[in-house]
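Asker: any chance you could fold what I've pasted below:
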Amino acid sequence: MQWKRITAVAATVMLAAVACGSPSSNNNSEGSTGDAGTAQEKALDPTVKGPAPEVEGAKKGGTITVLSDVTPDTLDPTNIYFTDGNQIGKLVYRALTQYKLDPETQKPTLVPDLAEDLGTKSADGLTWTFKLKQGIKYMDGTTVKAADYAYAIKRSFAHDLYDAGPTYQNEFFKDGKTYKGPYASGDNYAGVETPDESTLVIKLAKKFDDLPFYAAFPMFTPIPKAKDTKKSYDLKPMATGPYMVDSYNPGTQLKLKKNPNWDPNSDPVRNQYPDAWDFKFGQDTLKVQRQVLASAGPDANAMNYSDLDASLIPELKDKSQIVTGPQPCTNVWGLDTRKIPMDVRQLIAKAYPFDTYRKVAGLTPESAIPASTILPPAVPGYEKYELPGLTGKGKGAEDPAVANEVKAKLKEIGKENFELSWYYSNDDKIATQVNQLRTQVFTSAGFKVKAIGVPKARIRTMRNDPAAPVNIGQGPSGWCSDWPSGTSWYNVLFKSDAVELSNSIGMIQDKALDAEIDRVGSLTPDEQLKEWMKVDKTIMEKYLPLIPLYYSASYYPIGKNLGHVVNDPTQGLPEFTSMYLKQP
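Answerer: Numbering: from 1, shown residues only. Down below sits the predicted model:
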């Protein structure tokens, strides 16, 4: 998932982005990392049934407020891929499968959600059959149909409209490379069938044993064709979860209210304690984190899901107001390999001011662990290695000797004043501070810097454009596992089609690398564990498409009146669906 794309602040280390090799949610990529050494596990239990267990001491009523400094780019289930969008979406959308957290350890297990099972695979591995729960209703009381699941899957191929969502279906689903969705290609798609109201069949182009994990994405929520309003669908989506949209002002505020037709007896993972949720986006990080820590009046019912800024640690009087936990995420600074020559990319890495960057970005040792690899320690198969200048530590060109060395080398290779260009959020204090640092350091090292300030409500969309007029920071600013496997990293970030699909970090298009990623992906899970880090090191040595900044972990502040706030290791975010107010 893009790390709070991506998720995602890029979603911090998730068990899968467990459910999200997603972009991290951290818009600024100036984020966090704590217990990055907790390895993910692939745990499944097809026998789990609803309802979800009651949280001890939980009370019903009231409104929980989420004061977010980051802004989800979309809440359309087809297009959600940042970790925060996934977590918010879990309140509104149910999918075929979902993650259930152990009440004591918070370890996630994949369980059936709207499906009765976790799917049955055919002998050749190319057909998956899911049995569907019956009697599920949307928030308006209408019944969910088998065709609605099929339509949602078809809709996910319309990348001209939904350009930010996950794209594994293009590679793994039958005719995924040629079918363009129901608007352009019609409803006749051979990759999905509904032989009856209780059965969904998905046909594959090649084996995809991780499909049950992928089926936890909001993309697999049912959508009735008659209700599809395309780009405006997220303004009033068809809810199957415990909450429904009350009002939504994109980029600013989302209000949720109870869904009267949610069926708790069929839902094994969600509760419905608050009466309402109020998400306020694009807030000032330091201001809202200070409000939450103070917990005066209504702020006691509030929380912020970005990691606590280091400057506010002296104001932290009650450690119970900080939620910690692992995240399977790596935060990075992408380098466009199409526009920046390899020898220049190596000099950028040499000049990067890692130590001061963490201070200026407000990162703490608990939330940001220096990174040297693409894959984080939380993902199975990780092995540590360090390439010269890529340890996630050091002053870089803040050291005059290093600055002079880089400047001399640029002149030697005929790249004096090579222009580096990137977007930054000019209405965010921390992002502005980080931009000032980068501008100063790279200018002193002999580069020309063109930093383009844009509103943080727009930065995800602008960074996500592979044709953007910049050469640094395009695509996800960090990544979290979509599930516990390298498959949810290298396939989606570094294969050639990732550029067109707006998921690429580094804009690599090399058929030889595509073939190697495909080779490893075809191996058994145990064999893959031994091979993915070789791919990781090859990508960094041969292409250097990014600078690893840090592995992240959760360290976010909550109001004193919030109950049962736990870190969801699949997202590196609060697990919203079990929270309550101690005094509603």
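
Asker: how about the strands of the stretch 401-550 of the chain, start to end?
Answerer: Ranges of strands in the stretch 401-550 of the chain, per DSSP state E, counting those that start in this stretch, are 419-425, 448-454, 478-480, 546-557.

Asker: kindly reformat those strands as CSV containing mean neighbour count and mean pLDDT.
Answerer: Yep, even glycine has a C-beta here, placed from its N, CA and C like the rest. Shown next, in CSV, are the strands of the stretch 401-550 of the chain (neighbours: other Cβ atoms under 10 Å; pLDDT from 0 to 100):
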stretch, mean neighbour count, mean pLDDT
strand 419-425, 21, 97
strand 448-454, 15, 97
strand 478-480, 43, 90
strand 546-557, 29, 95
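
Asker: with distance to Thr97 as added columns, please give those strands in JSON lines.
Answerer: Formatted as JSON lines, the strands of the stretch 401-550 of the chain follow (distance: least, Cβ to Cβ, whole Å):
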{"stretch": "strand 419-425", "distance to Thr97": "35"}
{"stretch": "strand 448-454", "distance to Thr97": "37"}
{"stretch": "strand 478-480", "distance to Thr97": "18"}
{"stretch": "strand 546-557", "distance to Thr97": "23"}
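
Asker: quick one, which of those strands is nearest to Val144?
Answerer: Among the strands of the stretch 401-550 of the chain, strand 478-480 comes nearest to Val144, with 29.2 Å by Cβ to Cβ.

Asker: wait, which of the strands of the stretch 401-550 of the chain is closest to Gln327?
Answerer: Distance to Gln327, taken as Cβ to Cβ, is lowest for strand 546-557 among the strands of the stretch 401-550 of the chain, at 4.9 Å.

Asker: can you list the neighbours in contact with the helix or strand just after the closest one?
Answerer: Where DSSP states H and E defines the elements, the next helix or strand beyond strand 546-557 is strand 562-563. Strand 562-563 is contacted from outside by 55, 57-59, 64, 300-301, 303, 579-582, using Cβ atoms under 8 Å, 6 or more residues apart in numbering.

Asker: pLDDT score assigned to the nearest residue to Thr364 once chain neighbours are set aside?
Answerer: Using Cβ to Cβ, 6 or more residues apart in numbering and skipping the chain neighbours, the partner closest in space to Thr364 is Ala310 (4.9 Å). Confidence at Ala310, expressed as pLDDT, is 91.

Asker: next one: Ala310 from Lys395, what distance?
Answerer: As judged by Cβ to Cβ, to the nearest Å, Ala310 and Lys395 stand 18 Å apart.

Asker: more crowded one of the two?
Answerer: Taking other Cβ atoms under 10 Å, Ala310 and Lys395 do not tie; Ala310 has more neighbours (20 against 17).

Asker: tell me the backbone dihedrals of that one, please.
Answerer: Note on Ala310: backbone dihedrals following degrees, to the nearest 10 are phi -60, psi -30.

Asker: right, and it touches Glu366 too?
Answerer: No - taking Cβ atoms under 8 Å as the definition, Ala310 is not a contact partner of Glu366, at 9.5 Å.

Asker: okay, and the helix or strand of the chain with the least pLDDT?
Answerer: One helix or strand of the chain scores below all others by mean pLDDT, DSSP states H and E: strand 2-3, with a mean of 53.

Asker: pLDDT below threshold where in the protein?
Answerer: The model of the chain has pLDDT under 70 over residues 2-41.

Asker: residue at max distance from the center of it?
Answerer: Distance to the chain centre peaks in the chain at Glu412, reaching 40.5 Å (criterion: Cα atoms, centre = their mean).

Asker: can you tell me how far that residue is from Phe418?
Answerer: The gap separating Glu412 from Phe418 is 12 Å, by Cβ to Cβ.

Asker: could you do Tyr580 as well?
Answerer: As judged by Cβ to Cβ, Tyr580 and Phe418 stand 54 Å apart.

Asker: neighbour-wise, which of these two wins?
Answerer: Taking other Cβ under 10 Å, Tyr580 and Phe418 do not tie; Tyr580 has more neighbours (22 against 18).

Asker: the more buried one contacts His564, doesn't it?
Answerer: Yes - counting by Cβ under 8 Å, Tyr580 does reach His564; the two are 6.0 Å apart.

Asker: what is in contact with the two at once?
Answerer: Residues touching both Tyr580 and His564 by Cβ under 8 Å, 6+ apart: 55, 58.

Asker: can you give me the helices for the stretch 301-450 of the chain?
Answerer: Along the stretch 301-450 of the chain, counting by DSSP state H, counting those that start in this stretch, helices occupy 342-351, 354-360, 400-412, 429-444.

Asker: would you turn those helices into JSON lines with distance to Gly572?
Answerer: Supplementary listing: these in JSON lines, determined by distance: least, Cβ to Cβ, whole Å:
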{"stretch": "helix 342-351", "distance to Gly572": "26"}
{"stretch": "helix 354-360", "distance to Gly572": "18"}
{"stretch": "helix 400-412", "distance to Gly572": "33"}
{"stretch": "helix 429-444", "distance to Gly572": "18"}
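
Asker: give me the contacts around the longest helix along the chain.
Answerer: Longest helix of the chain, by residue count under DSSP state H: helix 525-542. Here helix 525-542 makes contact (Cβ under 8 Å, 6+ apart) with 42, 209, 373-375, 380-383, 385, 387, 390, 485-487, 489-490, 494, 508, 513, 516-517, 520-521, 523, 545.

Asker: could you export stretch 60-79 as PDB, CA atoms only?
Answerer: This file holds the C-alpha atoms of stretch 60-79, laid out as PDB (Å, rounded to 0.1, in the frame of the first residue of the first chain):
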ATOM      1  CA  LYS A  60     -21.900   3.300  22.900                       C
ATOM      2  CA  GLY A  61     -22.500   6.900  21.800                       C
ATOM      3  CA  GLY A  62     -20.800  10.200  21.000                       C
ATOM      4  CA  THR A  63     -18.600  11.400  18.200                       C
ATOM      5  CA  ILE A  64     -14.900  10.600  17.700                       C
ATOM      6  CA  THR A  65     -13.000  13.400  15.900                       C
ATOM      7  CA  VAL A  66      -9.900  12.600  13.800                       C
ATOM      8  CA  LEU A  67      -7.700  15.700  13.300                       C
ATOM      9  CA  SER A  68      -5.600  14.700  10.300                       C
ATOM     10  CA  ASP A  69      -2.700  16.700   8.900                       C
ATOM     11  CA  VAL A  70      -2.800  14.500   5.800                       C
ATOM     12  CA  THR A  71      -5.600  14.400   3.200                       C
ATOM     13  CA  PRO A  72      -6.800  11.200   1.500                       C
ATOM     14  CA  ASP A  73      -6.800  11.700  -2.200                       C
ATOM     15  CA  THR A  74     -10.000   9.500  -2.600                       C
ATOM     16  CA  LEU A  75     -12.500   7.500  -0.600                       C
ATOM     17  CA  ASP A  76     -13.700   5.600  -3.700                       C
ATOM     18  CA  PRO A  77     -13.300   1.900  -2.800                       C
ATOM     19  CA  THR A  78     -11.900   1.100  -6.300                       C
ATOM     20  CA  ASN A  79      -9.300   3.900  -6.000                       C
END
